[in-house]
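**Student:** no sequence for this one, just the structure:
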């Protein structure tokens, strides 16, 4: 750098993860080999969000700013040879959103320093990013302790002239989770037809909405489990679990240009049937108090409308039965539920064994090599995991005012991302799901 040997920024106690309303402080270090004239030395703290319609494009179509503060640490003068240190401190706004990086937009924060030199001389610049975590307390979300529930019925045709009915019902144990927790999923399938169904798939999906003039939707499959199909005329049940990897929180509160939603999608390939369970990902786990009774078992306490046609009473038709009557008899024979075996799980370890379902076992997910300090802290609601992006960096892990610990792996990716074409019709929001036809099933089944 010629006369300038070092120009760097350091944060107090090497801290890089901050909270809204907190002060960020540090120092600018300058080492010169010879005298350096300057007009001013300034330090800026900036935080903003930018969104584009092109992937990884830094020319934002829409922008909004959260913090922009400037401090002059030295006026016009000359820096003699040697080392010089200039301190700074800025206040982070109370409603600034969490840091985020995605393919079509970012929420970024950084501290910049500039040595403004006399005319015809080169200005010197440096910068250092920091990360913001605006905690989402799941206990502040209404009805978060209640299960997320969806059910749908589909009539379909097979063998050209035959018809059948299928009911797909899914439920998660809660509506909100934190990284490292387990999503317990229960699925029921009533196959009132003479044809076997295709395999059943449960996926944890992230939907990121970038609000440009023409909104962009980035849909990513975070984890996926596949189960076998259901035989003709049978009633089957499937219970599976998905470990929540480090993910950005739902909503991205404080940001009006980027929105993040999560949902569990349960689907059958044949006949094509889908239900979605909206869920929240947060930083403070749901407080399940001992006085609260456990959520009712959906397989025991919720009556199923389709079961009315599966009465075990004898069927004595006075004429040759129609196709629907035959299917009813098959359903009666399959009244005792069968268990659906799991064929594959994207979070299995390389040996092919199912993941150990505990928060500390999160490292069994592919590409999720977390240091032991993170394993211990992931089980504590007081020490949430911090994820900067949909699949990019978790640069540091820190608890409170402790010195941040660098991760052993600079890139931590949720398993098997798949980006769909754009624009793409987004799945329903939580409010839309509650007001859809699915909600009528809840009313009729209470």
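**Tutor:** Yep, it's here. From a predicted model like this one, the values you see are computed outputs, not experimental measurements.

**Student:** So what would you say the end-to-end distance of stretch 118-137 is?
**Tutor:** This stretch, stretch 118-137, spans 51 Å end to end (CA to CA, to the nearest Å).

**Student:** Give the rounded mean pLDDT of it.
**Tutor:** Taken as a whole, stretch 118-137 has a mean pLDDT of 90.

**Student:** Could you list the buried residues of it?
**Tutor:** Buried residues in stretch 118-137, counted by 16 or more other CB atoms under 10 Å: 124, 126, 130, 131, 132, 133, 134, 136. Quick note: C-beta positions are derived from backbone N, CA and C, even for glycine.

**Student:** so what strands line up beside the helix or strand harbouring the third one?
**Tutor:** Element membership for residue 130, per DSSP states H and E: strand 124-132. For strand 124-132, the paired strands and their directions (DSSP bridges) are strand 17-18 (parallel), strand 105-116 (antiparallel).

**Student:** which of these sits most buried?
**Tutor:** strand 105-116 (a mean of 21; mean count of other CB atoms under 10 Å).

**Student:** Tell me which helix or strand comes right after the strand holding residue 130.
**Tutor:** Along the chain past strand 124-132, the next helix or strand (assigned with DSSP H and E) turns out to be strand 148-158.

**Student:** helices or strands up against the very next helix or strand once past that next one?
**Tutor:** Toward the C-terminus, strand 148-158 is succeeded by strand 162-172 as the next helix or strand (DSSP H and E). Using 3 or more CB pairs under 8 Å, 6 or more residues apart in numbering; DSSP states H and E as the contact test, the elements touching strand 162-172 are strand 148-158, strand 182-192, strand 258-268, strand 273-282, helix 323-333.

**Student:** which other residues reach the helix or strand just after strand 162-172?
**Tutor:** The first helix or strand that comes after strand 162-172 along the chain, using DSSP H and E, is strand 176-178. Residues from elsewhere that reach strand 176-178 (CB atoms under 8 Å, 6 or more residues apart in numbering): 138, 141, 144, 183, 244, 279-286, 381, 384-385.

**Student:** Who does strand 176-178 pair with, and is each partner parallel or antiparallel?
**Tutor:** Neighbouring strands of strand 176-178 in its sheet, by DSSP bridges, are strand 273-282 (parallel).

**Student:** Give the buried residues for the partner strand.
**Tutor:** When neighbours are counted by 16+ other CB under 10 Å, the buried residues of strand 273-282 are found to be 273, 275, 276, 277, 278, 279, 280, 281, 282.

**Student:** Kindly report the same for stretch 32-51.
**Tutor:** 32, 36, 38-39, 41-51.

**Student:** and the end-to-end length of it?
**Tutor:** 39 Å.

**Student:** For that stretch, give the mean pLDDT please.
**Tutor:** Mean pLDDT, stretch 32-51: 94.

**Student:** hmm, back to that, who touches the strand holding residue 130?
**Tutor:** The contact list for strand 124-132 (CB under 8 Å, 6+ apart) reads 1, 4, 7-11, 16-20, 24, 28, 47, 92, 96-99, 107-115, 117, 386, 388, 395-396.

**Student:** Could you rerun that using 7 Å?
**Tutor:** Strand 124-132 is contacted from outside by 4, 7-9, 11, 16-18, 20, 24, 92, 96, 98-99, 108-115, 388, using CB atoms under 7 Å, 6 or more residues apart in numbering.
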